[in-house]
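Enquirer: Have a look at this fold, sequence not included:
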């Protein structure tokens, strides 16, 4: 399809020309209209593949929002309200963001971000704690090493003082 690239991503001139004045609603409507006129078809034997040979498991299992209340909300809206959704980006965004599934999605995403932040803080604290422990172990090792060296010198002095030659010499006097 002319609007789907080899990696199965949507491509369109409106997306290429995107800027701060662009309207997401306009782009989505335009692509939707074009797909309605000329729906994409999967070629036989063509299965979307990742760039890697192995199928990759997603790092985070974030599901797209379930829009359970969408149909009910749309049924209860007047034609004027539905047109407002289609014509007014702010109205559309307000409507969309207040769907239960979208609210749940953003809440779980916020929770995930919070948990990731806490995990990173914990990893940083662990690294600092590991460094402190390493420093304490090194300091304790150095203290024991100094004591060992001191005791080795004392042992040598005692062994020399009580060597067989010194004992014989002391007894002969």
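Expert: The structure has been received and is ready for your questions. A quick note: this is a predicted structure, and the numbers were derived from the prediction, not measured.

Enquirer: so how far is residue 3 from the spatially most central residue of the chain?
Expert: Using C-alpha atoms, centre = their mean, the residue of the chain that lies closest to the mean C-alpha position is residue 116, 6.8 Å off. Look at residue 116 and residue 3: by C-beta to C-beta, to the nearest Å, they are 34 Å apart. For the C-beta atoms, the positions are set from N, CA and C on the backbone; glycine is no exception.

Enquirer: go on, residue 23?
Expert: In terms of C-beta to C-beta, residue 23 sits 18 Å off from residue 3.

Enquirer: same question, residue 91
Expert: Taking C-beta to C-beta, one finds residue 91 at 27 Å from residue 3.

Enquirer: and the longest helix belonging to the chain, what does it pack onto?
Expert: Counting residues, the longest helix in the chain under DSSP state H turns out to be helix 100-161. Packing partners of helix 100-161 (3 or more C-beta pairs under 8 Å, 6 or more residues apart in numbering; DSSP states H and E): helix 89-97.

Enquirer: Buried residues in the helix it packs on, which are they?
Expert: Neighbour-count burial for helix 89-97 flags 92, 95 (criterion: 16 or more other C-beta atoms under 10 Å).

Enquirer: what's the answer for stretch 14-33, then?
Expert: 25, 27, 30, 31.

Enquirer: want to try JSON lines for those, with secondary structure and pLDDT as columns?
Expert: Shown next, in JSON lines, are the buried residues of stretch 14-33 (DSSP: H, G, I helix; E, B strand; the rest coil; pLDDT from 0 to 100):
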{"residue": "25", "secondary structure": "helix", "pLDDT": "79"}
{"residue": "27", "secondary structure": "helix", "pLDDT": "82"}
{"residue": "30", "secondary structure": "helix", "pLDDT": "84"}
{"residue": "31", "secondary structure": "helix", "pLDDT": "82"}
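
Enquirer: what separates stretch 107-116 from the chain centre, distance-wise?
Expert: The chain centroid and the centroid of stretch 107-116 are separated by 11 Å under C-alpha atoms, centre = their mean, to the nearest Å.
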